[in-house]
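Asks: sequence first, predicted coordinates after that:
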Amino acid sequence: MPALQLHPDRLFPPDPATRQVARELYHSVRDLPILSPHGHVDPRWLAEDTPFTDPTSLLISPDHYVTRLLHASGVPLDELGVGAGAPLDEGAARKAWRTFCERWPVFRGTPVQYWFTVELAEIFGIHDRPDAANADILFDRITDALSTPEFRPRALFRRFGIEVLATTDDPADDLWSHRALRDDPGWDGRVIPTFRPDRYLEPGAAGWPAAVAALGAAADTDTGDYRGFLAALRRRRRDFAAHGATSADHSHADVATDPLDEPVAAEIFTRALRRAASEEEATALRRHLLFEMAAMSAEDGLVMTLHPGILRNHHGPTHERFGPDTGHDIPTGIELTRALRPLLERFGTAAGFHLVVFTTDETVFSRQLAPLAGFYPSVYIGAPWWFLDAPDAIGRWRSAVTETAGFSRTSGFIDDTRAFCSIPARHDMSRRLDAAHLADLVVRHRLAEDEAADTLRALVADNPRTVFKL
Amino acid sequence: MPALQLHPDRLFPPDPATRQVARELYHSVRDLPILSPHGHVDPRWLAEDTPFTDPTSLLISPDHYVTRLLHASGVPLDELGVGAGAPLDEGAARKAWRTFCERWPVFRGTPVQYWFTVELAEIFGIHDRPDAANADILFDRITDALSTPEFRPRALFRRFGIEVLATTDDPADDLWSHRALRDDPGWDGRVIPTFRPDRYLEPGAAGWPAAVAALGAAADTDTGDYRGFLAALRRRRRDFAAHGATSADHSHADVATDPLDEPVAAEIFTRALRRAASEEEATALRRHLLFEMAAMSAEDGLVMTLHPGILRNHHGPTHERFGPDTGHDIPTGIELTRALRPLLERFGTAAGFHLVVFTTDETVFSRQLAPLAGFYPSVYIGAPWWFLDAPDAIGRWRSAVTETAGFSRTSGFIDDTRAFCSIPARHDMSRRLDAAHLADLVVRHRLAEDEAADTLRALVADNPRTVFKL
Amino acid sequence: MPALQLHPDRLFPPDPATRQVARELYHSVRDLPILSPHGHVDPRWLAEDTPFTDPTSLLISPDHYVTRLLHASGVPLDELGVGAGAPLDEGAARKAWRTFCERWPVFRGTPVQYWFTVELAEIFGIHDRPDAANADILFDRITDALSTPEFRPRALFRRFGIEVLATTDDPADDLWSHRALRDDPGWDGRVIPTFRPDRYLEPGAAGWPAAVAALGAAADTDTGDYRGFLAALRRRRRDFAAHGATSADHSHADVATDPLDEPVAAEIFTRALRRAASEEEATALRRHLLFEMAAMSAEDGLVMTLHPGILRNHHGPTHERFGPDTGHDIPTGIELTRALRPLLERFGTAAGFHLVVFTTDETVFSRQLAPLAGFYPSVYIGAPWWFLDAPDAIGRWRSAVTETAGFSRTSGFIDDTRAFCSIPARHDMSRRLDAAHLADLVVRHRLAEDEAADTLRALVADNPRTVFKL
């Protein structure tokens, strides 16, 4: 039976001299605690500390990185438990796991296979390569492990060495889980919410009036007019901050931020609530509201993060049947220089304002993002995100941004994951890759070894703390 | 006299450990037969098996990769026999060859020089670097060789180890050459046509009404209205399939696929035939027709391939004098996510539908193409094409797409060439580069060596067969 | 105290075999004279040969590469002497230098740190890494050196081995400095102007009518109508050529070159002078004028260079306070294929016409620029420029363009710098990187070693001479 690869030198450059430098750099940060300032772990898992049940519901069904490529290879999403609302029953879960093991080769060369390998080996002690023959054995071993106290969510959180974990939360969320964790004397981990108001800022979207009403209810504020709406957002931001939030996250089709005059904004708002605004007006209001979010960030100090340029739910029939986040959100091109100009003219040099820009469009790395972050004290370059959170892409990113903006203008790694068990593997991967990148600079005599070590520690420990105000 | 480089380790990474892995991987696939599912070899060459006459008419005049860079270096195209309709006479052919040899240095670093080197050495046994001094000797040696039976087209086809060769053919073509080859008891090679209907799908182009009429004649169908036009296309697709075709190829300025209501399409069609459609209407009809091509592919099983984003015949004066395909087709940017959405919403998960997307716009590799192919079972990532079918570009492509889509969603290599003698060199180059890429993953401990070997065999032998239904 | 890195093998690849080849290649061109066909050194420095006073006014205040990243790290621009019109007084200059030394780590991984290291070591003999502790010592050492004859501008020019240095000059400039140098019997260096008419070609810009009048005055020609305006431009171009200019440089938002009928152009011109042209008309006239500039280049032989796609003065408040060129010019995306078509249809194959295209948009390298330069005898690929004039970016550029256009279609290195003392470091960096790139081709057996050596010499010595007609 072929063994899983888990070489101590994995991801390091092959050149022996470079590898030696990378190895030493990596070891100096390997055991530092994990700072996870942006991700999608469900805080209830930790608040309730309910045991996970089986590998399918833990590792496959909720992870669209995994299910999308299985779907491309011909597996229907329902067989994988996608969008089912509840875990598959044991028989179906076992079958889905078997499918995954059989199709292990479709993940060759992807970070999914890399993360899974590390998870299987380091969390579950499994060193056999998944395949049709061992699928059931692996299913049973993981299922058994998950029933033990050591594999409950809080135990894993501690074992992973997580110092802070940010979740992503709806402005109308009552933050019960975060309060429960905060008030639990038996829990000393730091789990903080993130304010994610996208659906309240899309006046053209189908559910927008209902969302505005729900926000009003959550904030105990009348959102029937524009002023009340802004007040409700402001209030919920304060509530989030009181629960530990340090950032607000935004993801729209573009990042245009042209402000409107207040009366114009107010009027479009009113018309949009009555579904009487045109598409152009709705877009104009959305861009204005993003500008307003920057204004609030400059005021209340929540770091503003942008994750733009994704066309969500590309395949209508799949969306209708399985819901969102089911593997067919597809990137588009984005533009930052013109789009962010109004925001940056106003807040770009404002004290304490932080704007972190993530992108799946690699073309803006050297052309727009690094030049912006290389001038504005507020702008930070977000670490590679989605589709790009993998070894080669991360290498391209460092290569594209460093020569203009150095290391200090980058955000530090974010895992952005729903796959709780992949968190240590992802952060470890990032440390290895940064070590490899710095080692390459060292052997090309572009950086001294002590500077490389200092830089690596900053990337792992200081940058995320500074940038995300942790 | 300097010798031509033809090192057994060419194109392998310099690191000794990586090179050793690459070497072993390459040797495991080096001698597998060539599958060429997309290219531009003239099928008459094989049907008639007429001897080639001289190196200029074989290797220079018809190959715009060669003539374009000579033109840039100051050589008029007429001196190279471009667009002449007939081979240059011996004196002019010899002069053109001499020009090429003298200007050999302008091809340094390009795949043209690489392919030529392999062709000269492996096909003609020539190991001297072309230059002014040896040009005439080389001309004579190649001319002499071409007059022998071993260098006739069919003999070379066999010697090259070609298992299947797809040509590119006009829907109005009578496919005489393919029939002649099929019916020839002395020939057992597989040469198949490809349905390439571009000029019938551009209602705004100058020659469109004449093309529609010609299609009607070829299909023995009245193409005077929209229904008849579709019927004629359907009929010719069936004829192509009956002659062995497995794919239909499409190249337009963009790949937008917004369908029109049938009455609207029919009306624009009628108006366009009378040259009374606006430019916008013609474009809308073209996009609708591309959608209809997908519908036909979903129905008749011909693989749909897209080669978009080229502005043809950039330099009007050259086009007027020398015709198309004379080296000044220049890429533009393309967009896939929005453009292909209508097509994919309808056919993206249809059983048996295959859509292979090639591009000369590298920016969509990681941003759009890999994410689409990583979700839709129908979408495959076309191998690097034109301007990108070279070592560094191929490396960038693998790096850009693999981490999202793995290896199984890629098409396998296509040579896309008019240069018959370059086919073995091109496929060998691809095998070497894939071996090099996989070796790099192995030494970075991202893939086990047995997985790399299995993957390489799949890329060479299985992927093209599966993707192109060979 | 940590020493500055200045390893003889800096920037060479780590693989020992490749490094050895790179080293040999580099040494064959290391000492060739510097050809600098495009840059921003102030010619008065050389004409007047006034001593530089201190490291801040020489190395920091005028160099937006340096000040921008300090600004991003939180340093106000006024503390760095930006846009002050005069050097900082000694106390402030010393403080600014101390700030720079303290913040040395923000430049890690950037070419600024690399260039500075080489300048400090090779020009000033300083081998200590700048930091808070040694800032004052370094300030004094550099200040002392600058007061000696060996460090006056002309002495440095000679010591740097500059054979030709092109400056960038306004069409209304009287070229006094260039004349003074030419007429000075004690000076034999070659310092030539470059015609840079941007502000005269933007009919929509605020100061345009005044600029047109100033041009008229400088050319002693009535620029009150379109014909006079063109005549004035033509006349000043002739004057520049008479002072040694070989090129005209253009930087606008895009490179569209659609010509207008002359009466239309003339009418918009007249209206624009009266501030009565619409934005669309002003843009159309600007594009037409760029076409006219190509016509003049085809006529008078000045090489046409394009540096498009930069949004100047992104942050209004900074621009108002500190003026232009203060670190917030941010790139946008550009398009070449369609934009340059009118120009190339008319002049693309004109004898003697040279068009060098520089870009900060990497996406057009393989997609548009290399294909254009690979066909048109007039088109050359500009070396990496601004944001891209750094080791990794230069590597990406060579990789992106060479496979389509080879080496002969590239411009040779330009330093494009205002930082006089960085000129040798920049050219040396380029030679090292080209040596590294060629060495990689050699060890991959894609190029013979003698071909690599010949190519490197061409890149350093022949290409700039040919392309820029030096």
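Replies: Yes, it's here. Numbering: from 1, shown residues only, chains lettered A, B, ... in the order given.
Asks: only C-alpha atoms for contact and neighbour calcs from this point on.
Replies: Noted.
Asks: list the contacts for the residue in the stretch 51-200 of chain A that chain C sits nearest to?
Replies: Residue nearest to chain C within the stretch 51-200 of chain A (C-alpha to the nearest C-alpha): A:Gly109, separated by 22.7 Å. Counting by C-alpha atoms under 8 Å, 6 or more residues apart in numbering or on different chains, A:Gly109 touches B:Thr402, B:Glu403, B:Gly406, B:Phe407, B:Leu441, B:Arg446, B:Leu447.
Asks: I'd like those as TSV, with pLDDT appended.
Replies: Rendered in TSV, the data for the contacts of A:Gly109 read as follows (pLDDT from 0 to 100):
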residue	pLDDT
B:Thr402	98
B:Glu403	98
B:Gly406	98
B:Phe407	98
B:Leu441	98
B:Arg446	97
B:Leu447	97
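Asks: could those go into TSV alongside secondary structure and distance to chain A?
Replies: Formatted as TSV, the entries for those read as follows, by DSSP: H, G, I helix; E, B strand; the rest coil; distance: C-alpha to the nearest C-alpha, whole Å:
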residue	secondary structure	distance to chain A
B:Thr402	helix	6
B:Glu403	helix	4
B:Gly406	coil	6
B:Phe407	coil	7
B:Leu441	helix	8
B:Arg446	coil	7
B:Leu447	coil	7
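Asks: which of these sit farthest apart?
Replies: Across those, no pair lies farther apart than B:Phe407 and B:Arg446, at 13.7 Å, counting by C-alpha to C-alpha.
Asks: how is chain A carved up into domains?
Replies: Residue ranges for the structural domains of chain A, counted by automatic domain parsing, are given in the record as A:51-151, A:160-467.
Asks: now the terminal residues of the longest one, how far apart.
Replies: Spelled out, it's domain A:160-467. Domain A:160-467 has its terminal residues 23 Å apart, counting by C-alpha to C-alpha, to the nearest Å.
Asks: give me the number of residues near A:Gly186?
Replies: Other residues near A:Gly186 come to 8 when the count uses other C-alpha atoms under 10 Å in any protein chain shown.
Asks: what strand or helix carries it?
Replies: Applying DSSP states H and E as the criterion places A:Gly186 outside every helix and strand.
Asks: quick one: the helices in the stretch 301-450 of chain A?
Replies: Using DSSP state H, counting those that start in this stretch, the helices assigned to the stretch 301-450 of chain A run over residues A:316-322, A:341-347, A:364, A:370-373, A:391-405, A:423-443, A:449-457.
Asks: where does the stretch 151-300 of chain A get nearest to chain B, residue-wise?
Replies: A:Ala253 (12.0 Å).
Asks: what's around the residue of the stretch 1-150 of chain A found nearest chain C, how many residues?
Replies: Nearest to chain C in the stretch 1-150 of chain A, going by C-alpha to the nearest C-alpha, is A:Asp15, at a distance of 6.3 Å. A count of nearby residues for A:Asp15, using other C-alpha under 10 Å, gives 19.
Asks: same question, A:Thr417
Replies: Using other C-alpha under 10 Å, A:Thr417 has 21 neighbouring residues.
Asks: for it, give me its contacts.
Replies: Each residue near A:Thr417 by C-alpha under 8 Å, 6+ apart is listed here: A:Gly39, A:His40, A:Val41, A:Ile423.
Asks: near chain B at all, stretch A:372-385?
Replies: No. In terms of C-alpha under 8 Å from any C-alpha of the partner chain, no part of stretch A:372-385 sits within range of chain B; the closest distance is 11.5 Å.
Asks: is that stretch anywhere near chain C?
Replies: Yes. Applying C-alpha under 8 Å from any C-alpha, one finds stretch A:372-385 in contact with chain C at A:Leu372, A:Ala373, A:Gly374, A:Phe375, A:Tyr376, A:Pro377, A:Ser378.
Asks: do I have it right that the fifth one meets C:Leu70?
Replies: No. At 9.9 Å, A:Tyr376 and C:Leu70 do not qualify as touching, with contact defined as C-alpha atoms under 8 Å.
Asks: look at those two and report which has more neighbours.
Replies: In this comparison of A:Tyr376 against C:Leu70, neighbours counted by other C-alpha under 10 Å, the higher total goes to A:Tyr376 at 28 against 24.
Asks: let me know the pLDDT of that one.
Replies: The pLDDT attached to A:Tyr376 in the predicted structure is 98.
Asks: now it: how far from B:Leu230?
Replies: In this structure, A:Tyr376 lies at 57 Å from B:Leu230, with C-alpha to C-alpha as the measure.
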